[in-house]
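S.K.: Sequence first, predicted coordinates after that:
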Amino acid sequence: MAVQKLPLAKALNESLRKALETDPKVIVMGLDVGKLGGVFRITDGLQKDFGEDRVVDTPLAESGIVGTAIGLALRGYRPVVEIQFDGFVFPAYDQIVTQLAKMRARSLGTVKMPVVIRIPYGGGIGAVEHHSESPESLFAHVAGLKVVTPANSSDAYWMLQQAIQSDDPVIFFEPKRRYWDKGEVDTEAIPGELHKARVAREGTDLTLLAYGPMVKTCLEAAAVAAEEGRSIEVVDLRSVSPLDFDTVQASVEKTGRLVVVHEAPVFFGSGAEIAARITERCFYHLEAPVLRVGGYHAPYPPARLEEEYLPGLDRVLDAVDRSLAY
C-alpha cells in the first residue's frame, strides 16, 4: 500500500531504507546506529539488511564522524550522519562551519557536498541537559547550510529523501518528542518542495507560524481559539534556511497579524529574523506588532522544570490574545 499510518520515527526509518535501496552511494553512520539501531531506533534493522559497510557504527567522536562524512562526500558518496542528541553536535561544529558549509563556495560550485546531518532536537521527553536543546538558529546563520525540520510523518519521510538527494549539506532536525506521533504517509506522492512552507490550517484572523515540534502545539491552540470564534491560520515553516518568506507574507497579508512560535530561546532566535523581514514586507498590512513565543534566554532546565520553560498552549494563546487586542 502506498498510504500507511506511521509514527514519525518509523517514517524516518522507512525513508532511510528507501534511500539505501535506491542509491548504493548512500551510507548511514553514527554512534550506535548499527547493532542498536540508534537510541530512538530510527535506524533499527538497517545494518542487518544492508551490512556494516553501509550502516556504520562509529566511535564516540562527533568531529570525526562529520569529518569522515566530508571525506566520503568528496569521493562521491552521500553520507547520512546521525548525531545522537542535539547538545552533542558541538564537538563537530568546527567541521560543519569551517569545512562542510564552505566547500561548494570555495570550489566555485564544482565540488558537491551531499551530506545530511540528522539531529534529534527539542525538549519534552524529560531528559537531562545536552539532550533537549534547539540550536537551529546557530546553523541557519551559517551560509552554505540548509536547515530543515519536519513536523509530521509524511514530511519526515519525504523531506529526508529530498535532503539525501540534495548536493548541498543539509542539517535535518528531528523533533524527538514527536517521534511517536502517528500520521499518514503516501510513499508515492511527494507533498511539496523541500524548502516550501505549508499552510497546515486555514484562517482569517491571525497567523501562527511554527516549525518542528511546535506545529502540533499551534494547531491545538488554533482549535481552542476556534471554540471562541477566532479563525487562526497555522503555517508550518518546514525549512528554517532557506526560509519561504513568500508563503508567510501571503498569509500575513490575509490575516494582518503574526505570532511566531519556536522552542528555542526568543533572544536572537529564528523568530527575530522572521519578525524583521515580515515587518519590512508587510508593514501596511499589519494590524499589530509581530509577536514571538519561545524558550527563555537561559540554559535548558532540569527535567522537572522543562514544562515551565517550553512554550505551551497557554503561552501561545496568551500571545494570540495580545495580538488580537491591538
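M.R.: Cool, got the structure.
S.K.: so L6 sits in a strand?
M.R.: Yes - under DSSP: H, G, I helix; E, B strand; the rest coil, L6 sits within a strand.
S.K.: What's opposite it in the beta bridge?
M.R.: Beta bridges link L6 to G183 when assigned by DSSP bridges.
S.K.: OK, contacts around it?
M.R.: Remark: with contacts taken as CB atoms under 8 Å, 6 or more residues apart in numbering, L6 is in contact with E14, S153, Y157, K182, G183, V185. Using the backbone N, CA and C atoms, a C-beta is placed for each residue, glycine as well.
S.K.: measure it to S15 for me?
M.R.: Applying CB to CB, to the nearest Å, the value for L6 to S15 is 10 Å.
S.K.: Overlap in contacts, these two.
M.R.: Counting by CB under 8 Å, 6+ apart, the common neighbours of L6 and S15 are Y157.
S.K.: where along the chain do the helices fall?
M.R.: When secondary structure is read from DSSP state H, the chain shows helices at 8-22, 46-50, 62-74, 93-94, 103-106, 136-140, 153-165, 214-227, 245-255, 270-282, 306-309, 313-324.
S.K.: Counting neighbours, what do you get for L243?
M.R.: Using other CB atoms under 10 Å, the number of residues around L243 comes to 20.
S.K.: Now do the same contact list for it.
M.R.: Here L243 is in contact with A140, H195, L237, S270, E273, I274, R277 (CB under 8 Å, 6+ apart).
S.K.: so what's the closest residue to the last one other than its chain neighbours up against?
M.R.: Same thing as R277. In space, not counting the residues next to it along the chain, R277 is nearest to F245; the distance is 5.7 Å by CB to CB, 6 or more residues apart in numbering. Under the criterion of CB under 8 Å, 6+ apart, the contact partners of F245 comprise I274, R277, I278, R281.
S.K.: F245 and A127: what is the separation?
M.R.: Applying CB to CB to F245 and A127 gives a distance of 33 Å.
S.K.: same thing with V224?
M.R.: Between V224 and A127 the distance is 28 Å, computed by CB to CB.
S.K.: again, but for L100
M.R.: Distance of L100 to A127, given as CB to CB: 27 Å.
S.K.: Please say which of these two ends up with more neighbours.
M.R.: Just comparing L100 and A127: by other CB under 10 Å the higher neighbour count belongs to L100, 25 against 19.
S.K.: Other residues contacting stretch 120-132?
M.R.: Contacts with stretch 120-132, where a contact means CB under 8 Å, 6+ apart, come from 40, 83-88, 133-136, 149, 173-177, 179, 212-213, 263, 299-300, 302-303, 306, 309-310.
S.K.: what does stretch 27-41 give?
M.R.: Applying CB under 8 Å, 6+ apart, the contact partners of stretch 27-41 are 9, 13, 16, 20, 42-47, 50, 52-60, 65, 68-69, 72, 77-85, 118, 120, 176, 179.
S.K.: by how many degrees do the top strand by length along the chain and helix 270-282 diverge?
M.R.: In terms of residue count, the longest strand belonging to the chain (DSSP state E) is strand 258-265. Interaxial angle, strand 258-265 versus helix 270-282 (axes from the mean of the first three to the mean of the last three CA atoms, to 10 degrees): 160 degrees.
S.K.: Check which helices and strands strand 258-265 sits against.
M.R.: helix 136-140, strand 206-210, helix 214-227, helix 245-255, helix 270-282, strand 291-295, helix 313-324 (3 or more CB pairs under 8 Å, 6 or more residues apart in numbering; DSSP states H and E).
S.K.: ok, the spatially closest residue to F50 that is not a sequence neighbour - contacts?
M.R.: Counting by CB to CB, 6+ apart, F50 lies nearest to L20, which is 5.1 Å off, once chain neighbours are set aside. The contact partners of L20, taken as CB under 8 Å, 6+ apart, are V26, V28, L46, F50, R54, V55.
S.K.: Can you tell me which of those is nearest S323?
M.R.: Nearest to S323, judged by CB to CB, of those is V28 at 43.5 Å.
S.K.: For T58, see how far away the closest one is.
M.R.: Using CB to CB, one obtains 10 Å as the distance from V28 to T58.
S.K.: The two: which has the busier surroundings?
M.R.: A direct count of neighbours by other CB under 10 Å for V28 and T58 places V28 higher, at 26 against 18.
S.K.: Check A2 and give its pLDDT.
M.R.: Note for A2: predicted pLDDT of 80.
S.K.: what about L138, how many residues close to it?
M.R.: A count of neighbours around L138, defined by other CB under 10 Å, yields 18.
S.K.: Now it: closest residue in space, sequence neighbours ignored.
M.R.: Looking at L138 with CB to CB, 6+ apart, the closest residue is Y93, at 7.8 Å.
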